[in-house]
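**Student:** Let's see this in three dimensions:
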Amino acid sequence: MNSDRIKKGFERTGPCALLYATGLSKKTIERPFIGIASSFSDLVPGHIDMRTLERFIEKGIHSNGGNAFIFGIPAICDGITMGHVGMHYSLPSRELIADSVESVAVAHSLDGLVLLTNCDKITPGMLMAAMRLNIPSIVVTAGPMLTGRYKGEKLTLVKNAFEAVGSYKAGKITDDELSLFQLEACPGPGSCQGLYTANTMACLCEAMGISLPGCATALAVSAKKRRIAFESGMQIVQMVKDDITPDKIINKTALENAIFVDMALGGSTNTVLHLPAIASETDIGLSYDDFITISRKASTISSIQPSGEYTMEDLEYAGGIPAVLHTIKPLLKDNPTVSGRKILDIADQGRVSDADVIHPLHDPIKKGGGIAILSGSLAPDGSVVKAAAMTANMLKFKGRARPFDSEEEAMKAILGNKIKAGECVIIRYEGPKGGPGMREMLSPTSALFGMGLGDKVALITDGRFSGGTRGNCIGHVAPEAFEGGPIALVKDGDLIGYDIEAGTLDLLVDQKELAERARSWKCPGPKVKKGYLARYIKQVSSCRYDGICR
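**Tutor:** Coordinates of the predicted model:
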């Protein structure tokens with residue numbers, strides 16, 4: 001075992017003395033050392049209930065003959081950081097998380113890991129670490145939040161809190177209603193209720209086989225979630241004994257299965273950043289081409305917020321990810337999972353209990369996947385759009401550009417009623433380097449919807465969009481403005497055109513004119529000159545065609 005390096009032989013008397021100081025006994029020190037990488041935080045609603053799950057994971061580990069050691073991992077709530085300087089730290093925190101797990105696991109010679117996670121960048125960061133370390137690992141996601149309720153209507157974070165900003169500005173809701181939405185939209189622990197990035201990544205963990213069946217949609221407040229936590233603790237000890245490492249679970253087949261599930265559900269566009277980053281920790285190749293190929297074969301079979309009106313609670317009661325796997329089984333390939341069962345066996349056992357929530361494959365919501373990749377003269381290196389969440393009248397569009405050099409400038413114009421129907425809002429210098437950190441634009445998109453412009457304008461950025469974003473929003477435009485990409489050259493009134501079916505995104509300006517603009521363009525320089533973000537700017541790249549911005 002890895003832990004033998006710190007506990008075997010007389011040379012290890014010092015480390016052993018320190019290990020006994022933790023409360024280990026002569027008998028228990030021989031057992032496998034299992035780390036519980038816990039991202040518990042009182043600051044993040046998706047993580048506030050993790051102390052309970054830590055206990056159940058611990059019980060499972062000890063019940064199967066292992067030693068459990070909990071250690072902390074940083075966690076950031078994207079919703080709380082949205083729309084201000086805090087969002088600069090969201091994507092960069094993914095690398096900190098991966099490095100933190102690696103540092104503790106290697107330094108203390110752990111034999112296995114339970115990765116207790118939930119929210120947006122924590123889950124991919126932990127998966128990156130698991131692939132990098134390649135010691136037995138299992139993911140436990142802490143589960144979705146219950147939907148809020150008001151007068152018999154469902155309340156959710158994005159629709160009833162973020163979009164309320166625009167509605168309030170437009171005079172559609174009162175002060176009392178605004179206050180009520182703040183208090184009731186998020187009724188307790190868990191990841192936000194729609195198929196946003198946190199819940200999308202949880203679903204993909206289950207589809208890849210790195211979480212136990214049922215884990216992704218089991219609600220944060222449920223006994224089912226506690227049982228899965230306990231069973232995960234039991235299972236990781238067995239995985240150590242059997243040497244079941246991540247490279248035996250997450251391979252190209254597992255990633256392709258995950259993309260099929262992503263496309264079927266219409267998940268977050270952030271997965272196009274995270275899955276390639278996870279793959280890059282090994283020699284697995286994953287690029288935009290894989291997403292394009294699978295999108296053409298896939299069908300969208302569910303309509304969960306922000307694409308529709310259903311929530312993760314509805315998906316859970318409709319059968320969860322096993323039911324989704326059962327529905328799209330003809331598109332999947334068999335592969336091992338941490339449960340010891342093959343993925344197609346799990347699919348065979350899945351059952352759909354609500355065909356309105358999970359449509360049959362022969363009667364999908366639409367042919368084609370929920371995520372599309374676009375490229376063209378505005379995005380030579382590609383861009384990403386959540387096609388499932390777009391309005392039907394805007395799948396093909398031409399409009400005059402309204403460029404802004406930051407999210408704050410765009411938000412001021414939106415709330416100041418300066419954006420008109422038929423226009424194309426461009427938010428640039430928000431990419432990985434220019435942002436820095438590739439901020440999410442949930443505040444502008446939510447405000448547009450709240451003000452009644454959600455189906456009348458397009459929004460294009462070299463930043464990202466929250467998994468909660470809906471509407472005509474294209475992100476990840478590359479090369480980014482900071483590196484002199486065409487998005488930096490857009491002027492007020494330029495014609496912008498895109499076609500989702502054709503996969504194109506173009507700046508419809510004469511090439512000679514663009515060449516002249518490029519010659520006069522100058523990089524504005526980094527916005528941050530000290531601290532972690534300054535180091536991040538030096539290391540990160542624009543989103544390349546392999547989807548990696550690292």
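
**Student:** how about stretch 442-456: buried residues?
**Tutor:** Neighbour-count burial for stretch 442-456 flags 442-451, 453-456 (criterion: 16 or more other CB atoms under 10 Å). The C-beta positions use only the backbone N, C-alpha and C, and glycine is treated the same way.

**Student:** Would you format the residues you listed as TSV with pLDDT, secondary structure and distance to residue 219 included?
**Tutor:** Listed next are those as TSV, based on pLDDT from 0 to 100; DSSP: H, G, I helix; E, B strand; the rest coil; distance: CB to CB, whole Å:
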residue	pLDDT	secondary structure	distance to residue 219
442	82	helix	23
443	86	helix	28
444	89	helix	31
445	86	helix	27
446	85	helix	25
447	88	helix	30
448	90	helix	31
449	84	helix	27
450	84	helix	28
451	88	coil	33
453	91	coil	34
454	87	coil	29
455	90	coil	32
456	94	coil	36
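
**Student:** check which helix or strand covers residue 294.
**Tutor:** Secondary structure assignment for residue 294, by DSSP states H and E: helix 288-297.

**Student:** what does that helix contact?
**Tutor:** Residues from elsewhere that reach helix 288-297, judged by CB atoms under 8 Å, 6 or more residues apart in numbering: 255-256, 259-260, 263, 272, 331, 368-369, 371-373, 382, 503, 545-547.

**Student:** same thing with stretch 506-513?
**Tutor:** Residues outside stretch 506-513 that contact it (CB under 8 Å, 6+ apart): 376-378, 398, 486-487, 489-490, 494-498, 514.

**Student:** neighbouring contacts of stretch 387-398?
**Tutor:** With contacts defined as CB under 8 Å, 6+ apart, stretch 387-398 is touched by 266, 300, 303, 306-307, 365-366, 368-372, 424, 454-455, 458, 469-473, 495-501, 508.

**Student:** which of these are buried?
**Tutor:** Buried among those by 16+ other CB under 10 Å: 266, 300, 303, 306-307, 365, 368-372, 424, 454-455, 458, 469-473, 496-498, 500.

**Student:** Mind checking which of those residues are in helices?
**Tutor:** Applying DSSP state H to these, no entry is found in helices.

**Student:** Give me the below-cutoff pLDDT ranges for this structure.
**Tutor:** Applying pLDDT under 70 to the chain flags the ranges 544-550.

**Student:** 80 - rerun?
**Tutor:** 467-469, 542-550 (pLDDT under 80).

**Student:** what residue is smack in the middle of it?
**Tutor:** The centroid of the chain falls nearest to residue 197 when counting by CA atoms, centre = their mean (3.2 Å).

**Student:** wait, doesn't it sit right on residue 77?
**Tutor:** No - using CB atoms under 8 Å, residue 197 makes no contact with residue 77, being 11.5 Å away.

**Student:** ok, residues contacting stretch 532-547?
**Tutor:** Residues outside stretch 532-547 that contact it (CB under 8 Å, 6+ apart): 88-89, 92, 95-96, 272-273, 275-277, 280, 285-289, 291, 381-382, 431-433, 436-437, 462, 476, 478-480, 482-483, 485, 526, 528, 548-550.

**Student:** and it, how far out from the chain's middle?
**Tutor:** Computed by CA atoms, centre = their mean, to the nearest Å, the chain-centroid distance of stretch 532-547 equals 18 Å.

**Student:** Report the set of residues contacting both of residue 197 and residue 77.
**Tutor:** Taking CB under 8 Å, 6+ apart as the contact definition, residue 197 and residue 77 share the neighbouring residues residue 119.

**Student:** returning to that earlier point: just the buried members of the contacts of stretch 532-547?
**Tutor:** 88-89, 92, 95-96, 272-273, 275-277, 280, 286-288, 291, 381-382, 431-433, 436-437, 462, 476, 478-480, 482-483, 485, 528, 548-550.

**Student:** related to what we said a few turns ago, run through the residues that contact the residue nearest to the centre of the chain.
**Tutor:** Neighbouring residues of residue 197 by CB under 8 Å, 6+ apart: 78, 119-120, 268, 270-271, 466-467.

**Student:** Nearest to residue 250 among these?
**Tutor:** residue 271 (14.1 Å; CB to CB).

**Student:** residue contacts, that closest one?
**Tutor:** The contact partners of residue 271, by CB under 8 Å, 6+ apart, come to 197, 200-201, 204, 258-259, 262, 371.

**Student:** Please tell me how far the closest residue to residue 440 other than its chain neighbours sits from residue 196.
**Tutor:** Sequence neighbours aside, residue 466 is the residue nearest to residue 440 in space, at 4.4 Å (criterion: CB to CB, 6 or more residues apart in numbering). Here residue 466 is placed at a distance of 6 Å from residue 196 (CB to CB, to the nearest Å).

**Student:** Quick check: neighbours shared by the two?
**Tutor:** With contacts taken as CB under 8 Å, 6+ apart, residue 466 and residue 196 have 158, 268 as neighbours in common.

**Student:** Neighbour count for those two, which is higher?
**Tutor:** Using other CB atoms under 10 Å, the more surrounded residue of residue 466 and residue 196 is residue 466, with 33 against 30.

**Student:** Please look at the more buried one and residue 78 and confirm they touch.
**Tutor:** Yes - using CB under 8 Å, residue 466 is in contact with residue 78, at 6.5 Å.

**Student:** so what sits against both of the two?
**Tutor:** Common neighbours of residue 466 and residue 78, using CB under 8 Å, 6+ apart, are 197, 440.

**Student:** Tell me which two of the contacts of residue 271 sit farthest apart.
**Tutor:** Maximum pairwise distance among the contacts of residue 271 (CB to CB): 15.2 Å, between 197 and 259.

**Student:** outside of stretch 303-320, which residues touch it?
**Tutor:** Under CB under 8 Å, 6+ apart, the answer for stretch 303-320 is 144-147, 154, 156, 158-159, 191, 193-196, 199, 214, 216-219, 265-266, 300, 302, 326, 350-354, 357-358, 365, 370, 386, 388-389, 467-470.

**Student:** Filter those residues down to the buried ones, ChimeraX style.
**Tutor:** Of the contacts of stretch 303-320, the buried ones can be selected in ChimeraX as follows, counting by 16+ other CB under 10 Å:
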select :144,145,146,147,154,156,158,159,191,193,194,195,196,199,214,216,217,218,219,265,266,300,302,326,350,352,357,358,365,370,386,388,389,467,468,469,470
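
**Student:** Count the residues that sit near the closest residue to residue 269 other than its chain neighbours.
**Tutor:** Of all residues not flanking residue 269 in the chain, residue 384 sits nearest, at 4.6 Å (CB to CB, 6+ apart). Look at residue 384: counted by other CB under 10 Å, it has 28 neighbours.

**Student:** State the distance from residue 384 to residue 404.
**Tutor:** In this view, residue 384 and residue 404 are 20 Å apart by CB to CB.

**Student:** next one: residue 246
**Tutor:** Distance from residue 246 to residue 404, by CB to CB: 42 Å.

**Student:** Please identify which of those two sits among more neighbours.
**Tutor:** Neighbour tally, residue 246 and residue 404, criterion other CB under 10 Å: the higher count belongs to residue 246, 28 against 21.
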